[in-house]
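Student: Provided below are the primary sequence and the corresponding predicted coordinates.
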Amino acid sequence: MAIPENQQNTINDPLYLASSDHPGMTLTATPFNGSNFLGWSRTVKMALGAKLKLGFIDGSLVRPVITDEDHQRWTRCDYMVTCWILNSMISELSESFLYATSASGLWKELSERYGQSNGPLIYQIERELSKVNQGSFTVAAYYNKLKRYWDELQSLNGVPTCSCGKLRECTCGITDKFLEIENRSKLMQFLMKLNDEFESVRS
């Protein structure tokens with residue numbers, strides 16, 4: 001069944017709030033506790049993106065001037081997003097951010113306080129990764145545990161990008177070769193910590 005055009009315009013409006021949206025909502029199943037910022041922030045961004053509200057925290061959806069007809073709607077949405085973020089934190093932390101003046105201000109403060117120190121996080125994840133072995137896990141569960149750490153490291157380390165534009169002219173497939181080396185390294189990590197019953201697979 002096709003959605004009427006006027007209803008489509010409303011749904012695609014970032015200032016639109018559904019009847020189910022309310023200040024008591026949470027954006028994540030696991031609240032922010034001070035040490036899980038990386039995964040938590042990614043979940044919050046995805047949830048806000050699904051609601052077309054990501055612009056309220058990344059600064060791309062700027063506050064209209066007070067004489068603009070959308071000023072009040074924007075303010076209402078900004079308060080709503082701020083409440084959602086605060087509700088997605090443990091109460092001991094959210095109480096220290098109650099006086100944030102906007103959703104983007106709240107997000108900036110959270111990012112500066114908890115999201116900038118990649119070095120210790122990378123060390124911690126690498127350390128946890130080195131301890132992972134199959135043990136009592138199924139092969140699938142063991143792989144998923146490894147993959148979670150791999151994905152977190154990739155997110156923290158970032159992906160180097162070519163700024164000179166020469167990489168687009170490359171015809172030797174160097175990017176694919178680097179990817180192949182990375183995947184081979186992950187495969188070795190996976191095989192090394194398999195239980196002894198999979199020795200034939202390792203060989």
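Tutor: Cool, got the structure.

Student: can you give me the end-to-end distance of stretch 83-98?
Tutor: End-to-end span of stretch 83-98 (Cα to Cα, to the nearest Å): 9 Å.

Student: Now it: buried residues?
Tutor: 83, 84, 85, 86, 87, 88, 89, 93, 94, 97 (16 or more other Cβ atoms under 10 Å). For every residue, glycine as well, the C-beta is placed using N, CA and C.

Student: how does the protein divide up, domain by domain?
Tutor: Listed domain ranges for the chain are 5-114, 127-202 (source: automatic domain parsing).

Student: Poorly predicted segments of this structure, please.
Tutor: Along the chain, the parts satisfying pLDDT under 70 run over 1-9, 116-118, 158-163.

Student: picking that back up, tabulate the domains of the chain (a markdown table), appending distance to residue 121.
Tutor: A markdown table is the format used below for the domains of the chain (distance: least, Cβ to Cβ, whole Å):
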| stretch | distance to residue 121 |
| --- | --- |
| domain 5-114 | 7 |
| domain 127-202 | 6 |
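
Student: ranking those domains by burial, who's on top?
Tutor: For the domains of the chain, the largest average neighbour count (mean count of other Cβ atoms under 10 Å) is found in domain 5-114, namely a mean of 15.

Student: mind listing the helices for this protein?
Tutor: Taking DSSP state H as the criterion, the chain contains helices spanning 5-11, 37-50, 55-58, 71-87, 91-94, 103-114, 118-131, 139-157, 174-192, 199-202.

Student: Save those helices as a markdown table, and put in distance to residue 29 too.
Tutor: Putting those into a markdown table (distance: least, Cβ to Cβ, whole Å) gives the following:
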| stretch | distance to residue 29 |
| --- | --- |
| helix 5-11 | 25 |
| helix 37-50 | 8 |
| helix 55-58 | 19 |
| helix 71-87 | 12 |
| helix 91-94 | 16 |
| helix 103-114 | 18 |
| helix 118-131 | 21 |
| helix 139-157 | 15 |
| helix 174-192 | 27 |
| helix 199-202 | 35 |
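
Student: can you tell me which of the ones you listed comes nearest to residue 164?
Tutor: Closest to residue 164 of those is helix 174-192 (Cβ to Cβ; 14.1 Å).
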